[in-house]
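In: 3D, please:
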Amino acid sequence: MGKSNSSRDWAHIYAIYGMNQWQTLVFLLCRAVFFSLFSFVFLFYFHPIFHFFQTSISAVCLFLAAVNFFYSAGPLHYEMAQRIVGSVYDWSTVKLALDVGCGRGILLKSVATQLKKTGSSGRVVGLDRSKRTTLSMLQTANIEGVGEYVTCKEGDVRSLPFQNNYFDVVLSAVFVHTVGKEYGQRTVEAATERVRVLGEMVRVLKPGGVGVDWDLLHVPEYVRRLQELKIEDIRVSESVTAFMVSSHMVSFRKPNQHIVGPGDVRLDWQC
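Out: Now for the predicted structure:
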């Protein structure tokens with residue numbers, strides 16, 4: 001029974017939300033097929049065993065990368081959305097939540113479903129840079145039966161179009177690492193843009209409010225920034241492989257009296 005429900009969820013996710021960055025998946029699969037054919041050509045026409053194994057291993061690695069990418073974009077994203085929602089202990093008191101970089105809306109829908117379950121009168125706002133995406137999210141929310149709990153807004157994540165201390169909960173899923181990528185992932189300029197987004201998430205969060213960010217690669221820099229902002233109850237989850245790299249979920253709480261300074265970090269695994 002559990003397996004059937006899981007399969008139905010996978011099909012549902014892809015049917016409703018589609019595939020994010022499908023071009024990357026197609027590229028990986030095409031390269032994998034190319035290397036597979038190339039390896040057989042070497043074996044049957046030239047017989048160099050070394051080249052056969054070399055190209056075969058490359059093909060297998062590319063197929064595995066494609067499978068992980070496909071899994072990460074759908075089932076894993078959905079599973080992590082449930083974990084993010086579960087990080088907020090009491091949704092019945094939440095009046096306003098924000099999903100920063102809502103994208104296809106998997107996390108947005110999970111939050112709206114939780115609000116509906118608890119009988120809350122709250123709403124979740126999905127913020128994205130694209131007006132086309134925000135309109136698509138509203139349509140998806142209506143399909144999912146949670147349209148009355150969802151509002152979408154177009155805006156710049158580097159300067160969130162909301163006043164200070166506005167949201168009870170602020171969330172984000174595999175988005176912040178994409179900010180500043182025009183400068184290159186490893187540059188100081190890109191890091192500055194990413195931590196600026198994190199600072200904005202803290203700014204619009206109410207005192208006592210909860211923030212959760214699931215992201216790739218740059219979690220240590222997020223933790224350092226949260227420490228600088230004297231954010232409380234910082235927790236870093238165990239590593240989860242997503243899109244072929246390490247990912248973590250960082251949860252935190254904005255103190256009732258917010259004073260900038262160093263803070264503590266709690267790791268949810270044994271070192």
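
In: Average pLDDT for stretch 163-172, rounded please.
Out: The pLDDT scores in stretch 163-172 average 96.

In: what do you get for stretch 72-90?
Out: Regarding stretch 72-90, the rounded mean pLDDT is 88.

In: try stretch 253-269
Out: Stretch 253-269 comes out at a mean pLDDT of 57.

In: now do stretch 117-125
Out: Stretch 117-125 comes out at a mean pLDDT of 90.

In: Start and end of that stretch, how far apart?
Out: 17 Å (Cα to Cα, to the nearest Å).

In: so which strand or helix has V125?
Out: Taking DSSP states H and E as the criterion, V125 maps to strand 123-128.

In: Just list what that strand packs against, helices and strands only.
Out: strand 96-100, helix 106-117, helix 131-143, strand 150-154 (3 or more Cβ pairs under 8 Å, 6 or more residues apart in numbering; DSSP states H and E). (C-beta placed from N, C-alpha, C; glycine too.)

In: ok now that strand, how far from the chain's centre?
Out: 14 Å (Cα atoms, centre = their mean, to the nearest Å).

In: same thing with stretch 166-181?
Out: That offset, for stretch 166-181, works out to 8 Å (Cα atoms, centre = their mean).

In: As CSV, the helices and strands packed on strand 123-128 with mean neighbour count and distance to T241 would be great.
Out: Shown next, in CSV, are the helices and strands packed on strand 123-128 (neighbours: other Cβ atoms under 10 Å; distance: least, Cβ to Cβ, whole Å):
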stretch, mean neighbour count, distance to T241
strand 96-100, 26, 23
helix 106-117, 24, 18
helix 131-143, 16, 26
strand 150-154, 19, 30
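
In: Confidence-wise, which of these is weakest overall?
Out: Here the helices and strands packed on strand 123-128 differ in mean pLDDT, and the lowest is helix 131-143 at a mean of 79.

In: Which SSE is immediately downstream of the one helix or strand F70 maps to?
Out: In this structure, F70 sits in helix 49-71 according to DSSP H and E. As assigned by DSSP H and E, the chain's next helix or strand after helix 49-71 is helix 77-86.

In: chain center to that next one: distance?
Out: From the chain centre to the centre of helix 77-86 is a distance of 9 Å (Cα atoms, centre = their mean).

In: With stretch 181-198 instead?
Out: Distance, centroid of stretch 181-198 to centroid of chain: 17 Å (Cα atoms, centre = their mean).

In: got the buried residues for that stretch?
Out: A190, A191, E193, R194, V195, R196, V197, L198 (16 or more other Cβ atoms under 10 Å).

In: right, and the fourth one touches L216 too?
Out: Meaning R194. No - using Cβ atoms under 8 Å as the test, R194 is too far from L216 to be in contact (11.2 Å).

In: joint contacts of the two?
Out: Both R194 and L216 are contacted by H177, under the criterion Cβ atoms under 8 Å, 6 or more residues apart in numbering.
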